[in-house]
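Asker: I'd like to go over a predicted model; first the sequence, then the structure.
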Amino acid sequence: MKQILDFKVGLQQPLEHHYVPGKWSIAQMFMNKLDMERVFHYRAWRFLGGDNTPLTGFDKDEFVGALGDLVPIAIGIAKADLKQLFAITRTLTIDIFKNASSDQLQFKGNASGKNITARVIPFFHSWIQQTS
């Protein structure tokens, strides 16, 4: 996460910059990482709570496309604020796992048609931050 935060704060391009027309902007890439973390956080929260209601997936391209460049720009998120937003989001995610019992971590929920335990979700968070 530190590498991501350091990169974001040191950006020289404006957040709405697209490195190639038709590709995601810098803002969209960062918001996608935040959105993915939020989705997996929500799944973990539901599974840790013993909720076995199947959770649907979502298409990140459609989600980001619908939001466009508007989210960070319209609400006035500056580059420096991205660091704080990422830190808050990650802190909330860590917090729900901090006091989870072994039984809660072993609970299998269904997300996107796959049965997974809550304990694998932190690995998804790590992967999300390194990719996409």
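Answerer: Perfect, I can see it now. Numbering: from 1, shown residues only.

Asker: Going along the chain, name the strands of this protein.
Answerer: Using DSSP state E, the strands of the chain run over residues 108-111, 114-117.

Asker: Including distance to Glu37, could these go into a markdown table?
Answerer: For every residue, glycine as well, the C-beta is placed using N, CA and C. Formatted as a markdown table, those follow (distance: least, C-beta to C-beta, whole Å):
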| stretch | distance to Glu37 |
| --- | --- |
| strand 108-111 | 14 |
| strand 114-117 | 16 |
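
Asker: Compare those and give me the one nearest Thr56.
Answerer: Of all the strands of the chain, strand 108-111 sits nearest to Thr56, with 8.1 Å by C-beta to C-beta.

Asker: Off-centre distance for the closest one?
Answerer: Relative to its chain's centre, strand 108-111 lies at 18 Å (C-alpha atoms, centre = their mean, to the nearest Å).

Asker: hang on, the earlier thing: most neighbours per residue, which of the strands of the chain?
Answerer: With neighbours taken as mean count of other C-beta atoms under 10 Å, the strands of the chain reach their highest mean count in strand 108-111, at a mean of 17.

Asker: Check which helices and strands it is in contact with.
Answerer: Applying 3 or more C-beta pairs under 8 Å, 6 or more residues apart in numbering; DSSP states H and E, we find strand 108-111 packed against helix 26-48, strand 114-117.

Asker: Least confident of those, on average?
Answerer: Note on the helices and strands packed on strand 108-111: helix 26-48 shows the lowest mean pLDDT, a mean of 86.

Asker: can you pull the contacts of the residue of the chain most remote from its centre?
Answerer: Distance from the C-alpha centroid of the chain peaks at Asp103, with 24.9 Å (C-alpha atoms, centre = their mean). The contact partners of Asp103, by C-beta atoms under 8 Å, 6 or more residues apart in numbering, come to none.

Asker: same thing with Ser25?
Answerer: Shown in contact with Ser25 (C-beta under 8 Å, 6+ apart): Leu15, Glu16, His17, His18, Asp69.
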